[in-house]
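>>> Mind folding the following:
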Amino acid sequence: MADKVMGRNDAPVTIIEYSSLTCPHCASFHKDTLPMIRKTYIDSGKVRLIYRDYPLDGMALAAAMMARCAGSKRYFGFIELLFRNQEEWAQAKNPRAELARIALFGGMPEKDFDACLKNEPLMNAIRSRAQADGKKHGIDSTPTFIIEGEKISGAYPFDHFKKIIDDALNR
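Next comes the predicted model:
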């Protein structure tokens, strides 16, 4: 399964993010911290972010599948939309219907959304990767980040990431 990458491949620092789309701390990171990391480091070519799905429940898995089915050009737009509206869809009486609404808003017809959620190879690939990476890096919560080999668990403020990234850039 192909990585979803934000930033230049030749950036000197790589951040791997493991995130669950139903995790409130992950949503907080994406709303509050990632925009500053993007502006300061990713857009300037200093950092690339590799986003990896680490679904903690069935709804997070369905949302991750939906974002992947949206295609590479719309992928991060879907991730942002899902995190920004997480409370609405993840805590809805009918979360599947809310995901279908978000999919439609993002340009994915309901028949495509339904077909996506039935895509067992995609479902199995997301689960297998999360399981393998979880073992490899000892992931027990989301969000978890691997920054140049250093594991950071939690949605810390920008200043925390800035120190780690700056240290990595200075090595």
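
>>> next helix or strand past the lengthiest helix in the chain?
Longest helix in the chain, counting residues (DSSP state H): helix 120-137. Sequence-wise, the next helix or strand downstream of helix 120-137 (DSSP states H and E) is strand 144-147.

>>> in terms of contact count, name the helices or strands touching that following strand.
Using 3 or more Cβ pairs under 8 Å, 6 or more residues apart in numbering; DSSP states H and E, the elements in contact with strand 144-147 are strand 13-19, strand 150-153, helix 158-170. Where C-beta positions appear, they are placed from N, C-alpha and C, glycine not excepted.

>>> So which of the ones you listed is the most surrounded?
Mean neighbour count (mean count of other Cβ atoms under 10 Å) peaks for strand 13-19 among these, with a mean of 22.

>>> Quick one: name whatever helix or strand follows that strand.
Assigned by DSSP H and E, the successor of strand 13-19 is helix 24-28.

>>> Show me which positions of that following helix end up buried.
For helix 24-28, a neighbour-count test (16 or more other Cβ atoms under 10 Å) marks His25, Cys26, Ala27, Ser28 as buried.

>>> Which pLDDT value belongs to the second one?
Reported pLDDT at Cys26 in the predicted model: 97.

>>> list the contacts for it?
Each residue near Cys26 by Cβ atoms under 8 Å, 6 or more residues apart in numbering is listed here: Ser19, Ser20, Phe83, Thr142, Pro143, Ala155.

>>> now the first one
If you count contacts by Cβ under 8 Å, 6+ apart, His25 has them with Thr142, Pro143, Gly154, Ala155.

>>> that older thread, wait, which of the contacts of Cys26 is closest to Asp3?
Ser19 (13.3 Å; Cβ to Cβ).

>>> In the beta-sheet assignment, what are the partners of the closest one?
Judged by DSSP bridges, the bridge partners of Ser19 are Asp53.

>>> That one: what's it in contact with?
Ser19 makes contact with Cys26, Phe29, His30, Tyr51, Arg52, Asp53, Tyr54, Thr142, Pro143, according to Cβ under 8 Å, 6+ apart.

>>> Which helix or which strand is home to the fourth one?
The one in question is Tyr51. strand 47-53.

>>> quick one: stretch 32-43 to chain centroid distance?
Chain-centre distance of stretch 32-43: 14 Å, with Cα atoms, centre = their mean, to the nearest Å.
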